[in-house]
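Trainee: Dropping a prediction and its sequence here:
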Amino acid sequence: MTDKAREYLNKERYSMEDLLEIMKFLRIGCPWDREQTHESIRQNFIEEVYEVCDAIDKKDPGLMCEELGDVMLQVVFHTQMAEEEGSFTFDDAVDGICRKLVLRHPHVFGEVSADTVGEVLTNWDQIKQDSKGQKSVKDTLVDVPNALPALMRAQKIAKRAAKGVYCLENSYADIERDEAKRRIGEELFKLCSAAQACGLDAEEALFEYSSEFVADFE
């Protein structure tokens, strides 16, 4: 053990800089950490985010603090590997998100007026599309990540498609919100049961249909 590594045994409180340094030590000194790749710990990242969501649902600040730390570890792990590859650094990732926040909040950091949440979201979406070179609704559909859970992906695609010419009749429009929620949940469950009875994967079926929808969207 080096003197520098020994220092981390007796610290009273750690900082972000310490986490970055500890990750460097782990990548050098721990066989398991050294062997990991972006792909090998991909699922870990997903699981940690779900654990944060679980802590939020439980309204447990202590657990939430712990789980957010685990997510932070995943961020540092990936940025350390990227730095070793010569791709980007942790500071590059921080710089990128700071620039994005400043750019997409012109009502805070510029002269644009946005007095309501709706105006803020409209500005955000337009700036996002402009920065990504998205000139059509279809461009925004293609941009929805394939890695999202199929149902979340489908709803994002439907929301963006609704900004274009696509419009599906809403048979729940005149129903009280809680009742509509219950009925939609029931229909989704029935579809999952039907998929199970047919020996099909409902996630896969929805993913494939959503992909076809995006490909055929005009």
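Mentor: Nice, I can see it.
Trainee: what's the neighbour count on residue 76?
Mentor: By the criterion of other Cβ atoms under 10 Å, residue 76 has 20 neighbours. C-beta coordinates here come from the backbone N, C-alpha and C atoms, glycine included.
Trainee: any low-confidence regions in the protein?
Mentor: 1, 165-168 (pLDDT under 70).
Trainee: Break it down into its domains, please.
Mentor: 3-89, 136-216 (automatic domain parsing).
Trainee: Could you point out which of those sits nearest residue 97?
Mentor: domain 3-89 (10.6 Å; Cβ to Cβ).
Trainee: What separation is there between the most centrally placed residue in the chain and residue 210?
Mentor: By Cα atoms, centre = their mean, the chain has its centre lying nearest to residue 148, at 8.0 Å. Shown here: residue 148 relative to residue 210, a distance of 10 Å by Cβ to Cβ, to the nearest Å.
Trainee: next one: residue 79
Mentor: 31 Å.
Trainee: which ones are touching the residue nearest to residue 76 when sequence neighbours are not counted?
Mentor: Using Cβ to Cβ, 6 or more residues apart in numbering and skipping residues adjacent in sequence, the residue nearest residue 76 is residue 23, 4.8 Å away. If you count contacts by Cβ atoms under 8 Å, 6 or more residues apart in numbering, residue 23 has them with 73, 76-77, 80.
Trainee: Which elements pack onto the helix or strand hosting residue 206?
Mentor: Following DSSP states H and E, one finds residue 206 within helix 202-216. Packing partners of helix 202-216 (3 or more Cβ pairs under 8 Å, 6 or more residues apart in numbering; DSSP states H and E): helix 137-142, helix 150-161, helix 177-197.
Trainee: Now do the buried residues in that helix.
Mentor: Buried residues in helix 202-216, counting neighbours by 16 or more other Cβ atoms under 10 Å, are found at 202, 205-207, 210, 214.
Trainee: ok, now stretch 149-166?
Mentor: So, applying 16+ other Cβ under 10 Å, buried residues of stretch 149-166: 150, 153-154, 156-157, 160-161.
Trainee: need those in CSV with distance to residue 111, can you?
Mentor: Output for the buried residues of stretch 149-166, formatted as CSV (distance: Cβ to Cβ, whole Å):
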residue, distance to residue 111
150, 42
153, 36
154, 38
156, 31
157, 34
160, 28
161, 33
